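Asks: 3D, please:
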Amino acid sequence: IIAPAYDEAALQILKQKKNRIIILQKNKVAGNNMFKSILNGVIEQNKDKALATADTLKTVTAAIPSAEQINDLLFAEKCVKHLKSNTIVLAKSKQLVGMGCGQTSRIDALKQAISKAKEFGFDLHGAVLVSDAFFPFSDCVEIAYAAGIAAILQPGGSLRDKDSIDRCNEFGLPMVFSGLRHFRH
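Replies: Sure, this is the predicted structure:
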């Protein structure tokens, strides 16, 4: 058992079991970099510490997300940043209901997220979608809308952002940009 501190009474109980190892965790300041070993080398990547807030989101569609949708979008963004790219997270009522991650394309990640949500019996009507990177094409918007997704968050920054925004406007879907790209190798 490892913990930063132990209550004396709890410690006495824990010590009753023979061969239990009790370790006191020292406070260590973690660095700002992450390392991952790969064939014949190492990838160094900055830790992703950024998160959007309700104040930093930029609505780019005619439809404006509700307060509940904003809360779900911000919750889903927290999930996205910890998953392997390419990632799509679907959330509803601050619950992760589907995720697609580590895919070679955003469309595959979305299809995987929808499939997983359905496999576990989640109703996607009213759910939100968050992507770790921009939507260069409107195909993800079309698939999300058909599945019942009610709002989308993406970083923005594609040369073709207008295509996705226009499709959202056609469907009456709110889309917000965070300006933050989460990309985890």
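
Asks: would you map the strands across this protein?
Replies: With DSSP state E as the criterion, the chain has strands at 2-3, 23-24, 33-38, 41-46, 58-59, 88-91, 96-100, 128-131, 151-154, 175-177.

Asks: with mean pLDDT and distance to Lys111 added, can I get these in a markdown table?
Replies: In this view, the C-beta of every residue, glycine as well, is placed from N, C-alpha and C. Putting the strands of the chain into a markdown table (pLDDT from 0 to 100; distance: least, CB to CB, whole Å) gives the following:
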| stretch | mean pLDDT | distance to Lys111 |
| --- | --- | --- |
| strand 2-3 | 90 | 40 |
| strand 23-24 | 91 | 44 |
| strand 33-38 | 81 | 26 |
| strand 41-46 | 83 | 27 |
| strand 58-59 | 96 | 26 |
| strand 88-91 | 97 | 9 |
| strand 96-100 | 96 | 7 |
| strand 128-131 | 96 | 12 |
| strand 151-154 | 96 | 16 |
| strand 175-177 | 96 | 19 |
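
Asks: could I get those as CSV with distance to Ala9 and mean neighbour count?
Replies: As requested, the strands of the chain are exported to CSV (distance: least, CB to CB, whole Å; neighbours: other CB atoms under 10 Å):
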stretch, distance to Ala9, mean neighbour count
strand 2-3, 14, 10
strand 23-24, 16, 10
strand 33-38, 38, 10
strand 41-46, 42, 10
strand 58-59, 52, 12
strand 88-91, 40, 29
strand 96-100, 37, 22
strand 128-131, 44, 30
strand 151-154, 46, 27
strand 175-177, 49, 24
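
Asks: need the ones you listed in a markdown table (columns: distance to Ile13).
Replies: Below are the strands of the chain laid out as a markdown table (distance: least, CB to CB, whole Å):
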| stretch | distance to Ile13 |
| --- | --- |
| strand 2-3 | 13 |
| strand 23-24 | 16 |
| strand 33-38 | 37 |
| strand 41-46 | 42 |
| strand 58-59 | 53 |
| strand 88-91 | 39 |
| strand 96-100 | 35 |
| strand 128-131 | 43 |
| strand 151-154 | 46 |
| strand 175-177 | 49 |
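
Asks: nearest to Lys118, out of those?
Replies: strand 96-100 (7.9 Å; CB to CB).

Asks: now for the closest one, which elements pack on it?
Replies: helix 67-80, strand 88-91, helix 106-119 (3 or more CB pairs under 8 Å, 6 or more residues apart in numbering; DSSP states H and E).

Asks: show me what the shortest one is in contact with.
Replies: When you say that, I think you mean strand 88-91. Strand 88-91 is contacted by residues 72-73, 75-77, 79-80, 83, 96-101, 106, 109-110, 112-114, 117, 122, 124, 127-132, 140, 149 when judged by CB atoms under 8 Å, 6 or more residues apart in numbering.

Asks: next, give phi and psi for the closest residue to Ala127 other than its chain neighbours.
Replies: Counting by CB to CB, 6 or more residues apart in numbering, Lys92 is the residue found nearest to Ala127 once chain neighbours are left out, at 4.0 Å. Backbone torsions for Lys92, taken as degrees, to the nearest 10, come to phi -150, psi 130.
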